[in-house]
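**Student:** This is a predicted model, with the sequence first.
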Amino acid sequence: MRKLILIALAVGACLLADYAAHGQELRVPDRVVANSGATIQTSGSGSSTLYVTGPGLALKKQVTLGQPVSLGADHLRNAGRYLVVLGSGKSARTAALFVVPAQATKLNFLAKPSRVPVARPDVISGVAFVFDDYKNLVTQPARVTFNLGVANAAPVARTVEAHDGIAWAKLPSSAKAGAAQFTASIGGAVPVRRVVQQVASDPCNLRFRAQPAKDGIVVETDPVRDCSGNPVPDGTIVTFIQTDSRGRSTVDARVKRGIARAELPAAPNATITVASGVVLGNELHWGGAR
């Protein structure tokens with residue numbers, strides 16, 4: 001009889017354990033926002049082990065069935081899919097928990113090129129990647145403002161909507177040379193800043209004058225500027241061309257302090273012109289030289 005009682009108790013314990021194992025259930029929120037934590041609901045009685053794995057997380061926790069289980073905000077900062085497992089073996093219960101990015105607050109900003117001529121349409125590109133405070137790429141739509149400005153010139157702004165965490169825009173360079181401040185911003189966050197150097201474009205309205213020298217003709221340009229009035233960089237090549245009865249000769253001169261200067265050979269009757277790149281300047285007829 002005693003042996004029968006012990007067998008009955010053992011069988012009862014097994015049935016009870018099996019009932020408790022099959023009685024445990026698991027409920028998780030469909031979605032939670034990054035760094036906000038989550039509460040997991042369980043049912044059943046007794047104790048069990050909870051496992052949570054996901055981006056940057058591997059958590060094992062002893063829990064009391066029937067009691068809610070809290071996951072701290074620091075456990076759920078990375079957006080993505082988390083797997084929640086309660087128990088082990090055939091009685092284990094599993095569920096998926098999705099963590100979505102928090103509000104967009106930060107940008108990574110790329111700008112190119114770093115150096116452009118003035119007064120060119122859509123020559124400057126900006127690309128912004130949208131993140132929350134926890135370095136999660138925010139894939140929900142967000143408005144990003146691009147702003148390009150140089151001192152003493154009206155700024156240019158574009159506001160575009162980011163898709164899948166990316167926003168981009170093309171802006172024209174202004175008519176004024178200088179260090180342009182190119183920024184991208186979102187909401188009330190501090191703008192991210194890049195510098196694009198805007199330089200003078202090709203020379204425009206080239207003009208020069210000539211005067212006799214001891215051994216030839218000295219030619220000198222007016223201050224060399226582009227079509228927007230910006231001084232061209234020192235070192236820009238200006239070519240003086242002299243044509244006379246002996247043929248044609250050229251002299252290249254570099255702009256220095258805004259002016260190009262050269263000396264041509266003396267000629268009794270010559271035509272002198274000036275050019276820089278594809279830009280031609282005025283023409284002078286030289287009737288004699290000292």
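**Tutor:** Okay, I see it. Numbers count the residues shown, from 1 in each chain.
**Student:** Name the next helix or strand downstream of the lowest-mean-pLDDT helix or strand in the chain, please.
**Tutor:** The helix or strand of the chain with the poorest confidence is helix 2-23; it has a mean of 41 (mean pLDDT, DSSP states H and E). Going down the chain from helix 2-23, the next helix or strand is strand 25-27, by DSSP states H and E.
**Student:** Flag every buried residue along stretch 261-273.
**Tutor:** Going by neighbour count (16 or more other Cβ atoms under 10 Å), the buried part of stretch 261-273 is 261-264, 266-267, 270, 272-273. Any C-beta I mention is one placed from the backbone N, CA and C, and that applies to glycine too.
**Student:** Touching it from outside, list them.
**Tutor:** 208, 210, 213, 215-221, 240-246, 249, 251-253, 280-290 (Cβ atoms under 8 Å, 6 or more residues apart in numbering).
**Student:** make it 6 Å
**Tutor:** With contacts defined as Cβ atoms under 6 Å, 6 or more residues apart in numbering, stretch 261-273 is touched by 216-220, 240-244, 251, 253, 283-286, 288-289.
**Student:** go on, stretch 137-147?
**Tutor:** Residues from elsewhere that reach stretch 137-147 (Cβ under 6 Å, 6+ apart): 101, 104, 126, 128, 130-132, 155, 157-162, 164-165, 167, 169, 183-186.
**Student:** Likewise for stretch 152-164?
**Tutor:** Under Cβ under 6 Å, 6+ apart, the answer for stretch 152-164 is 130, 139, 141-149, 167, 169, 171, 174, 176.
**Student:** before we move on, the earlier item: okay, and which of the contacts of stretch 261-273 map to helices?
**Tutor:** Using DSSP state H, no member of those sits in helices.
**Student:** among those residues, which ones are buried?
**Tutor:** 216-217, 219-220, 240-244, 253, 284, 286, 289.
**Student:** Return the item of those having minimum pLDDT.
**Tutor:** Lowest in pLDDT among the buried ones among the contacts of stretch 261-273 is Ala289, which has 43.
**Student:** which one of the buried ones among the contacts of stretch 261-273 is nearest Thr42?
**Tutor:** Closest approach to Thr42 among the buried ones among the contacts of stretch 261-273 (Cβ to Cβ): Ala253, at 86.1 Å.
**Student:** now that closest one: how far from Val156?
**Tutor:** 36 Å (Cβ to Cβ, to the nearest Å).
**Student:** Which strands and helices lie in contact with the strand or helix carrying Leu107?
**Tutor:** Using DSSP H and E, Leu107 maps to strand 106-112. Judged by 3 or more Cβ pairs under 6 Å, 6 or more residues apart in numbering; DSSP states H and E, strand 106-112 is in contact with strand 124-131, strand 178-186, strand 192-199.
**Student:** Which of those sits closest to Pro68?
**Tutor:** That would be strand 124-131 among these, by Cβ to Cβ, at 31.3 Å.
**Student:** got the buried residues for that closest one?
**Tutor:** Neighbour-count burial for strand 124-131 [16+ other Cβ under 10 Å]: 124, 126-131.
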